[in-house]
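A.B. asks: could you work out the structure for the sequence below:
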Amino acid sequence: MKSSSYILPVVGSLPCGDAYCGQCLKTVARVMLKASLKDLAAIRKVPLDSFLPLPTNEHGRNRLSQLLKSHGQNPEEYFTYRCPNALCYGCWKHRPVRSYLHGAVNEHMAKALEDHNPCTVIAQSGGVDPFAGIFAP
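C.D. replies: All right, here's what the predicted structure looks like:
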């Protein structure tokens, strides 16, 4: 196996402490942004297409920010997303932080699968269980 990306996706941690698949967070953010823009378009009685396409880079984000400002809106309100956890009231404005714990587990799993022996993870780490203290024995 060449890459560990097939085992676990890149995981992003939010300021509230919840962690999700990076692609899922991107999808959630895009859905939330589009819903907010759809509401704005209905209120302003302008076609939703005037706010599209959704930004995929910093240039697109700046373009949409300027367009929102021209409609008297605060762009920060549109680029603030809610945590997907229905029981969490956390929000995030910035790129989620990559979860290095999930990345380390991903790499250990990839190495173990290369040898087709899950016990290889413990042997390669000098006999130290990488999950010691995380789970009950």
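A.B. asks: hey, let's count contacts and neighbours off CA atoms from now on
C.D. replies: Will do.
A.B. asks: in the protein, what residue spans correspond to strands?
C.D. replies: Residue ranges of the strands in the chain, as given by DSSP state E, are 11-13, 19-21, 81-82, 91-92, 97-98.
A.B. asks: would TSV of the ones you listed with distance to K38 be doable?
C.D. replies: Listed next are the strands of the chain as TSV, based on distance: least, CA to CA, whole Å:
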stretch	distance to K38
strand 11-13	27
strand 19-21	26
strand 81-82	15
strand 91-92	20
strand 97-98	28
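A.B. asks: pick the most deeply packed of these.
C.D. replies: Highest mean neighbour count among the strands of the chain (mean count of other CA atoms under 10 Å): strand 11-13, with a mean of 21.
A.B. asks: other SSEs contacting it?
C.D. replies: strand 19-21, helix 22-44, strand 97-98 (3 or more CA pairs under 8 Å, 6 or more residues apart in numbering; DSSP states H and E).
A.B. asks: what sits closest to L14 if chain neighbours are left out?
C.D. replies: P96 (5.4 Å; CA to CA, 6 or more residues apart in numbering).
A.B. asks: could you measure from that neighbour over to S50?
C.D. replies: P96 sits 28 Å away from S50 when distances are taken as CA to CA, to the nearest Å.
A.B. asks: most packed of the helices and strands packed on strand 11-13?
C.D. replies: Of those, strand 19-21 is the most buried (mean count of other CA under 10 Å), at a mean of 19.
A.B. asks: that older thread, quick one: which of the helices and strands packed on strand 11-13 is nearest T80?
C.D. replies: Taking CA to CA, helix 22-44 is the member of those nearest to T80, at 8.5 Å.
A.B. asks: for that closest one, packing partners?
C.D. replies: With contacts taken as 3+ CA pairs under 8 Å, 6+ apart, helix 22-44 sits against strand 11-13, helix 75-78, strand 81-82.
A.B. asks: the shortest one pairs with which strands?
C.D. replies: When pairing is defined by DSSP bridges, strand 81-82 lines up against strand 91-92 (antiparallel).
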